[in-house]
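*Asks:* below is the structure, and that's it, no one-letter string:
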């Protein structure tokens, strides 16, 4: 809706004034990219001030200068009135955009003559405003798949004829409000609407679910809504951000609406196929609306995304030249469209989402990758793969995997049949060239391309590494560098595997031979043999390691580790030396510091699991200590109870003896003698009178001694009795 010819552009901002840009939802898909582009592409000395609101208060971008809470009405009003450029996403925030426009329109510039701010408000809208202009597909010839047919090209000239999606009619109302009402104060406020094609690139928006499930491998076959023959106008989100900033900078007077699309005319089927080819195996399938809706629900994506993917229309960026986006302009990031730039788009996706693959190799003398602990052993490479959620490459496992793979004619590889033939005889080993081919084919699979891989002491020689990896080789003196030419492969025959990408990081594990021998000795003979670390095996492997890393004739490094150092340009970013005779925690921390955080959709998962394990181990130790203490306390309590019982028994006995003693003392002497002495003494005297011994006193004494009742009880018990007579 072009303005009247007599309209003039507002004067440029005051010289030397720093531009202030307000972006609603700084952490949204468009807001995040728009702020980043505004900061990175600003001319020297013209860095803008970026302010705005957030969807999630925890997601403040690093480049944001000021943040206003979305529920702070007064703060939002002040930020809007203090800004030169205001940008709103009309698709996600139509009500908020309307409120912002009202604030700008009600502001009385006459009462605030000192405020010389010249404002521009830009509402960014989407294809949902044009959904009703989508043309149906044409039935295919002879029952073939439907086609897009010849489409009428829509431009800003057709804006009055646009028909919105039924659920997004309010979006059209806001667009009209911004264009018609916003330009009332042309001396102080100018407003624009930018209709964007389906945005892609960076962290991805509508297409994110397809990228995510491909990267994770949850869907080996990507779904295409309907036949996939429909065409949807698209634009790279950085190009969209550039268009918005160009409108803000130039403030054109000839028009107030823009249709921003690139030159690509790929179908949705082409788009999905391109994603699958780079992130998966290239397989796709056509599904109906219900099945696609189920897929969107699983991926927690809004249903409206599928509506946009189902449109069929053609649009033209008819005002591109005025904004610096002519067909041949270098301003374009992805002018030729999504499909032609898919490899770079996937790299952007990986970087923006933090899912760049982790490619790591652990290499060192035998036994350096195994670290004994109190609970057993930690294998550094396996432990790293589990923590970072990347693929651990095990040669024995690969042999079984490829043996079970279908042949090439059925979508697999013929390597399996060759492996079966090569290992048919008992004890036969896999030929080295087949091992290298297995690893090459494995590293080209989607899981290794997306998440990465961990190699454990493989390859073991420089020659094997030069065959396995894509490296720069140094030819021998007098020899020409090898020419890499791809030989033509006959139709139906499996092509040879591509050379594998180098690991980003090589951990060169180091230790003295004496230390390693002690580590192996601690394992015991049986366990050492199970790990291939008998004394003979260790010496052979240690010698092979030294030979693989021996210097050249001039004493310069020329071994396998040096090969990795020499190929930084090919992708081997760092070689990290780690002395493994340090504590395990030190070794693992150095590994983590060298790699950084895990690169996946839940980068803190490993940390949470480590912390949870540490807490569980601590709780287990505390529980064990508490159990031992309880047992000790129980044993101590039992000892105390037994001692207390003994003490009580002794006390009771003493009390009874004391009682008996008191009882005896309380009786008269005569009665005591009559009851306890005279009966026995009388018998003794009678016996003396009867026998008349030569020593009557001694005889009487012996008689009385033998008549002692205590002595008789001891004799009956057959226990020696000791008379306790004080001397």
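*Replies:* Thanks, I have the structure now. As the structure is a computational prediction, the values presented were derived from the model and not from experiment.
*Asks:* where's the residue lying closest to residue 208 once chain neighbours are set aside, which helix or strand?
*Replies:* Leaving out its chain neighbours, the residue that sits closest to residue 208 by CB to CB, 6 or more residues apart in numbering is residue 301, at 7.2 Å. All C-beta atoms are positioned from the backbone trio N, CA, C, and that covers glycine. Following DSSP states H and E, one finds residue 301 outside all helices and strands.
*Asks:* do the same with residue 552
*Replies:* Residue 552 belongs to no helix or strand, assigned by DSSP H and E.
*Asks:* how close does the closest residue to it other than its chain neighbours get to residue 194?
*Replies:* Spatial nearest neighbour of residue 552, excluding adjacent residues (CB to CB, 6+ apart): residue 558 at 4.0 Å. From residue 558 over to residue 194 the distance is 59 Å, taken as CB to CB, to the nearest Å.
*Asks:* need the three-state assignment for residue 132.
*Replies:* helix (DSSP: H, G, I helix; E, B strand; the rest coil).
*Asks:* ok, now which ones touch it?
*Replies:* Applying CB atoms under 8 Å, 6 or more residues apart in numbering, we find residue 132 in contact with 162-165.
*Asks:* returning to what we had before: correct me, but the residue nearest to residue 208 touches residue 210?
*Replies:* No - between residue 301 and residue 210 there is no contact under CB atoms under 8 Å: 9.4 Å.
*Asks:* burial count for the residue nearest to residue 208?
*Replies:* Residues contacting residue 301 under the criterion other CB atoms under 10 Å number 18.
*Asks:* which non-adjacent residue is nearest the most centrally placed residue in the chain?
*Replies:* By CA atoms, centre = their mean, the chain has its centre lying nearest to residue 603, at 2.7 Å. Leaving aside its chain neighbours, residue 603 sits nearest to residue 597 (4.7 Å; criterion: CB to CB, 6+ apart).
*Asks:* and the one you found, what pLDDT?
*Replies:* What the model reports for residue 597 is a pLDDT of 87.
*Asks:* same check on residue 295?
*Replies:* At residue 295, pLDDT is 85.
*Asks:* tell me the contacts of it?
*Replies:* By CB under 8 Å, 6+ apart, residue 295 lies in contact with 209, 219, 223, 287.
*Asks:* in strands, which of those residues appear?
*Replies:* Among the contacts of residue 295, the members found in strands (DSSP state E) are 223, 287.
*Asks:* can you put the contacts of residue 295 in CSV and add distance to residue 638?
*Replies:* As requested, the contacts of residue 295 are exported to CSV (distance: CB to CB, whole Å):
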residue, distance to residue 638
209, 66
219, 65
223, 71
287, 73
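*Asks:* could the contacts of residue 295 go into a markdown table alongside neighbour count and pLDDT?
*Replies:* Below are those laid out as a markdown table (neighbours: other CB atoms under 10 Å; pLDDT from 0 to 100):
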| residue | neighbour count | pLDDT |
| --- | --- | --- |
| 209 | 21 | 91 |
| 219 | 19 | 88 |
| 223 | 21 | 92 |
| 287 | 18 | 90 |
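*Asks:* quickly check the contacts of residue 295 for the two that are furthest apart.
*Replies:* For the contacts of residue 295, the farthest-apart pair by CB to CB is 209 and 287; their separation is 13.4 Å.
*Asks:* still on that earlier bit, and the contacts of residue 132, which of them are buried?
*Replies:* 162, 164-165 (16 or more other CB atoms under 10 Å).
*Asks:* which strands and helices lie in contact with the lengthiest helix in the chain?
*Replies:* Across the chain, the longest stretch assigned as helix under DSSP state H is helix 605-666. Other helices and strands packing on helix 605-666, by 3 or more CB pairs under 8 Å, 6 or more residues apart in numbering; DSSP states H and E, are helix 380-388.
*Asks:* by contact count, what packs against the helix it packs on?
*Replies:* Against helix 380-388 (3+ CB pairs under 8 Å, 6+ apart) you get strand 358-363, strand 391-393, strand 452-456, helix 584-595, helix 605-666.
*Asks:* what does that helix contact?
*Replies:* Taking CB under 8 Å, 6+ apart as the rule, helix 380-388 contacts 358, 360, 362, 369-371, 390-392, 452, 454-457, 507, 509, 580, 587-588, 591, 595, 598-600, 606, 609-610.
*Asks:* can you select the buried ones from those in PyMOL?
*Replies:* Here is the PyMOL command that picks out the buried ones among those, judged by 16+ other CB under 10 Å:
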select buried, resi 358+360+362+369+370+371+390+391+392+452+454+455+456+457+507+509+580+587+588+591+595+598+599+600+606
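*Asks:* for stretch 316-334, what is the average pLDDT?
*Replies:* In this model, stretch 316-334 has a mean pLDDT of 91.
*Asks:* first to last residue in that stretch, what's the distance?
*Replies:* 15 Å (CA to CA, to the nearest Å).
*Asks:* ok so, going back, separation between the residue nearest to residue 208 and residue 269?
*Replies:* Distance from residue 301 to residue 269, by CB to CB: 19 Å.
*Asks:* point out where this structure drops to low pLDDT.
*Replies:* Within the chain, the stretches with pLDDT under 70 are 1-17, 109-117, 140-144, 182-187, 303, 473-487, 606-607, 664, 666-667, 709-727.
*Asks:* now do the end-to-end distance for stretch 665-679.
*Replies:* Start-to-end, stretch 665-679 (CA to CA) is 20 Å.
*Asks:* ok now that stretch, how far from the chain's centre?
*Replies:* From the chain centre to the centre of stretch 665-679 is a distance of 100 Å (CA atoms, centre = their mean, to the nearest Å).
*Asks:* just stretch 679-695 next, same as before
*Replies:* With CA atoms, centre = their mean, you get 109 Å for stretch 679-695.
*Asks:* buried set for it?
*Replies:* Applying 16+ other CB under 10 Å to stretch 679-695 flags residue 684 as buried.
*Asks:* skipping adjacent residues, who's closest to residue 29 in space?
*Replies:* Here the residue nearest residue 29, using CB to CB, 6+ apart, is residue 205, at 4.3 Å.
*Asks:* Three-state assignment for the one you found, please.
*Replies:* Criterion first, three-state DSSP; result for residue 205: coil.
*Asks:* run through who's touching stretch 561-570.
*Replies:* Outside stretch 561-570, the residues that touch it by CB under 8 Å, 6+ apart are 361, 363, 462, 465-466, 469-472, 474, 502-503, 506, 508, 549, 557, 572, 575.
*Asks:* thinking again about what came up before, can you name the element that comes right after the longest helix of the chain?
*Replies:* helix 669-676.
*Asks:* how close does residue 211 get to residue 126?
*Replies:* Distance from residue 211 to residue 126, by CB to CB: 19 Å.
*Asks:* counting neighbours, go ahead and name the busier of those two.
*Replies:* Using other CB under 10 Å, the more surrounded residue of residue 211 and residue 126 is residue 126, with 25 against 22.
*Asks:* quick revisit: of the contacts of residue 132, closest to residue 322?
*Replies:* residue 162 (21.1 Å).
*Asks:* hang on, the closest one packs against residue 130?
*Replies:* Yes - if you go by CB under 8 Å, residue 162 and residue 130 touch, sitting 4.8 Å apart.
*Asks:* now do the shared contacts for those two.
*Replies:* Counting by CB under 8 Å, 6+ apart, the residues touching both residue 162 and residue 130 are residue 154.
*Asks:* would you map the strands across the stretch 51-200 of the chain?
*Replies:* 66-67, 85-89, 119-125, 153-154, 189-196, 198-200 (DSSP state E, counting those that start in this stretch).
*Asks:* of all those strands, which one is nearest residue 539?
*Replies:* strand 198-200 (57.9 Å).
*Asks:* list the contacts of the closest one.
*Replies:* So strand 198-200 is in contact with 29-30, 126-127, 205-207, 232-237, 240, 308-309, 338, 345, going by CB under 8 Å, 6+ apart.
*Asks:* out of the residues you listed, list just those in strands.
*Replies:* Using DSSP E, the contacts of strand 198-200 in strands are 234-236.
*Asks:* now distance to residue 150 too, for those, in TSV please.
*Replies:* Shown next, in TSV, are the ones in strands among the contacts of strand 198-200 (distance: CB to CB, whole Å):
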residue	distance to residue 150
234	19
235	22
236	26
